[in-house]
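Engineer: have a look; sequence and predicted model below, questions after that.
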Amino acid sequence: MGFLAHISPISFIQLKFMLHLNGLKLLRVETNKFKRRPKLKDKITSWIVKVCARRFNFEDDTTYNELTSDAVLYGDTLIFEIEKPRHGEPD
C-alpha cells in the first residue's frame, strides 16, 4: 500500500483566500529546500503559471510575486509566515 501524501490539496490562491477570510495576513513564503535541478516539465509548468498569472488583475503585485516565486514553483515544502492583527487593528 502506497503512502498518501496529500489528502485534500488546495491551490496557493485558495490558501491565500482562506487566510484572508479568517483575518490573517500572509507576510512571507519560503521553502525548506528547492528541487536540485528543475526538469523540463517543471520549467514548462512554471512558464504556464507565470503567463496565466499575468492575465489576472490582482489588486497588487504581491500576489503575483508570491504565486510566481521560486519557493512556490520549485519548493519542496512551503513555509508561511502569517500575521494575525491585534484586536481592534484594521486588516
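Structural biologist: Received it, and whenever you're ready, just let me know what you need.
Engineer: which ones are touching the closest residue in space to Phe34 that isn't next to it in sequence?
Structural biologist: Excluding the flanking residues, the one nearest Phe34 by C-beta to C-beta, 6 or more residues apart in numbering is Tyr74, at 5.1 Å. C-beta here means a position set from N, CA and C on the backbone, and glycine is covered the same way. Shown here is Tyr74, whose contacts under the criterion C-beta atoms under 8 Å, 6 or more residues apart in numbering are 31, 34-35, 38, 42, 46.
Engineer: at 10 Å what do you get?
Structural biologist: 31, 33-38, 42-43, 46 (C-beta atoms under 10 Å, 6 or more residues apart in numbering).
Engineer: with Lys33 instead?
Structural biologist: Applying C-beta under 10 Å, 6+ apart, the residues contacting Lys33 are 74-77.
Engineer: got a PyMOL select line for the buried ones in those?
Structural biologist: Listed next is the PyMOL selection for buried residues among the contacts of Lys33, using 16 or more other C-beta atoms under 10 Å:
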select buried, resi 74+75
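Engineer: which one of the contacts of Lys33 sits closest to Phe12?
Structural biologist: Closest approach to Phe12 among those (C-beta to C-beta): Gly75, at 10.9 Å.
Engineer: quick check: closest non-adjacent residue to the closest one.
Structural biologist: Computed as C-beta to C-beta, 6+ apart, the closest residue to Gly75 that is not its neighbour in sequence is Thr31, at 2.8 Å.
Engineer: count of neighbours near that neighbour?
Structural biologist: 17 (other C-beta atoms under 10 Å).
Engineer: likewise for Ile10?
Structural biologist: For Ile10, the number of neighbouring residues by other C-beta under 10 Å comes to 11.
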